[in-house]
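1. predicted model and sequence below, questions to follow.
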Amino acid sequence: MRMFRFISNKPYLALFWKFSIAITIVVIIFGSINYTLIKNNISQTLENELKFRLQFIINTISEQLTNSVLVSDYLSIQTIINTAKMNDSTIKFILLVDSNKDIIAHSFVNDLPIEIKNYYECSDSCKYDENMTSICFNHNLSVMQISKPILSGNLGYLYIGIDNQNIASEVDESMKIFILMIFTFFII
């Protein structure tokens with residue numbers, strides 16, 4: 001099948017190739033639009049799920065810690081924090097600070113890393129969630145984090161940071177499948 005025919009010494013594109021080019025353009029345009037929409041939707045859904053999970057974790061841990069903080073039972077405090085960290089591999093850090101902002105307990109085996117010590121409070125580099133004001137995206141630590149006062153802040157504050165890099169990898173994995181589907185449709 002010839003791509004061009006010459007009519008009156010002018011090149012003329014065959015109807016088959018016109019349809020092929022039109023279909024290719026449509027697949028590329030709609031594939032790109034769908035890719036963007038689906039990627040944003042998956043990212044937002046996973047991010048919202050992570051936020052609700054983060055709230056559940058902090059509520060559970062703060063309830064468990066309240067009595068131990070009241071009686072200054074530091075062994076129980078550390079056990080609760082270590083157990084929570086051990087049970088969830090996405091937790092990057094858990095900090096318990098007193099009302100004077102002194103760190104009482106943390107989730108690290110050895111010393112508290114200096115970057116976490118310096119940046120655990122959401123500050124200028126953080127972006128707060130509009131709907132859940134206790135959740136922020138701490139860009140210095142590359143985490144989504146939440147804070148909660150213990151007994152209205154009189155006993156201190158609990159900070160938890162979750163690694164949000166898993167969201168990006170899960171979205172990328174889903175989008176690879178989508179690209180494969182578009183490519184297969186394009187080939188067909």
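-> Here it is on my side, so go on. Numbers count the residues shown, from 1 in each chain.

2. use CA for all of it now, contacts and neighbours both
-> Will do.

3. what about residue 119, neighbour count?
-> Counted with other C-alpha atoms under 10 Å, residues neighbouring residue 119 total 15.

4. quick check: pLDDT value at it.
-> With respect to pLDDT, residue 119 scores 85.

5. which strands and helices sit next to the helix or strand hosting residue 16?
-> Using DSSP states H and E, residue 16 falls within helix 15-70. Here helix 15-70 touches helix 74-87, strand 143-150, strand 156-163, helix 165-187, going by 3 or more C-alpha pairs under 8 Å, 6 or more residues apart in numbering; DSSP states H and E.

6. quick check: buried residues in the longest one?
-> So the one you mean is helix 165-187. Within helix 165-187, the residues that count as buried by 16 or more other C-alpha atoms under 10 Å are 167, 171, 175, 178, 182.

7. residues making contact with that helix?
-> For helix 165-187, the external contacting residues (C-alpha atoms under 8 Å, 6 or more residues apart in numbering) are 24, 27, 31, 35, 39, 42-43, 46-47, 142-143.

8. contacting residues around the residue nearest to the spatial centre of the chain?
-> When C-alpha atoms, centre = their mean is applied to the chain, the residue found nearest the centroid is residue 164 (3.5 Å). Residue 164 makes contact with 90, 142-144 under the criterion C-alpha under 8 Å, 6+ apart.

9. now do the contacts for residue 157.
-> 96-99, 147-150.

10. apart from its neighbours in sequence, what residue is nearest residue 105?
-> Excluding its sequence neighbours, the residue lying closest to residue 105 (C-alpha to C-alpha, 6 or more residues apart in numbering) is residue 96, at 5.2 Å.

11. pLDDT (mean, whole number) over the helix or strand harbouring the one you found?
-> Per DSSP H and E, residue 96 falls inside strand 91-97. Average pLDDT, strand 91-97: 93.

12. then stretch 144-163?
-> Across stretch 144-163, the average pLDDT comes to 89.

13. before we move on, the earlier item: filter the contacts of helix 165-187 down to the buried ones, PyMOL style.
-> Here is the PyMOL command that picks out the buried ones among the contacts of helix 165-187, judged by 16+ other C-alpha under 10 Å:
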select buried, resi 27+31+35+39+42+43+46+47+143
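
14. tell me which residues in stretch 151-158 are buried?
-> Using 16+ other C-alpha under 10 Å as the test for burial, stretch 151-158 gives 155-158.

15. tell me how many other residues crowd residue 110.
-> Neighbours of residue 110 under the rule other C-alpha under 10 Å: 7.

16. residue 109 now?
-> Residue 109 has 7 nearby residues by other C-alpha under 10 Å.

17. repeat for residue 62
-> Neighbours of residue 62 (other C-alpha under 10 Å): 22.
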